[in-house]
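Peer 1: here's a sequence, model it:
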Amino acid sequence: GTELVSKEQIIGALALKIERLIAGNPDQLFSLLYRLDISEHKIKQAMNANGPVALKIAELVYERQLEKIISRRRFGQERPDGDLAW
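Peer 2: Numbering: from 1, shown residues only. As a prediction, the model looks like this:
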């Protein structure tokens, strides 16, 4: 059967990508985090925490994406204005 990818595997894969960005292109990483709408406060906390920074940021990205999926399911996709547009 199809195996679901675990949360740990997703975060691990994200952490690897984030690690590369931290090393090679931190500006791209920050613009990505900004687009994902992850608060600067949480990012600073992650960067100042003990332990691997990339892993902490990966967890933030994972949690944020999960929140978006849950709220989309809860509220349904936002419909464009259609006939309300002028």
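Peer 1: which elements pack onto the longest helix belonging to the chain?
Peer 2: Secondary structure of the chain per DSSP state H: the longest helix is helix 53-75. When contacts are defined as 3 or more C-beta pairs under 8 Å, 6 or more residues apart in numbering; DSSP states H and E, helix 53-75 sits against helix 7-24, helix 26-35, helix 40-48. C-betas here are computed from N, CA, C, even on glycine.
Peer 1: so how far is it from its chain's centroid?
Peer 2: From the chain centre to the centre of helix 53-75 is a distance of 5 Å (C-alpha atoms, centre = their mean, to the nearest Å).
Peer 1: also stretch 40-47?
Peer 2: Offset of stretch 40-47 from its chain centre (C-alpha atoms, centre = their mean): 13 Å.
Peer 1: likewise for stretch 38-47?
Peer 2: Distance of stretch 38-47 from the chain centroid (C-alpha atoms, centre = their mean) equals 12 Å.
Peer 1: distance of the most centrally placed residue in the chain from Glu3?
Peer 2: Central residue of the chain (C-alpha atoms, centre = their mean): Val61, 2.2 Å from the mean position. According to C-beta to C-beta, to the nearest Å, Val61 and Glu3 sit 22 Å apart.
Peer 1: okay, and for this structure, where does confidence drop off?
Peer 2: Filtered on pLDDT under 70, the chain yields the residue ranges 1-2, 77-86.
Peer 1: burial measure for Met47, as a count.
Peer 2: For Met47, the neighbour count with other C-beta atoms under 10 Å is 11.
Peer 1: surely it is in contact with Val53?
Peer 2: Yes - with contact defined as C-beta atoms under 8 Å, Met47 counts as touching Val53 (5.5 Å).
Peer 1: how about the nearest residue to Ala49, chain neighbours excluded?
Peer 2: Residue nearest to Ala49 in three dimensions, not counting chain neighbours: Lys56, with 5.5 Å by C-beta to C-beta, 6 or more residues apart in numbering.
Peer 1: now do Gln28
Peer 2: Per C-beta to C-beta, 6+ apart, closest to Gln28 is Leu21, 5.7 Å.
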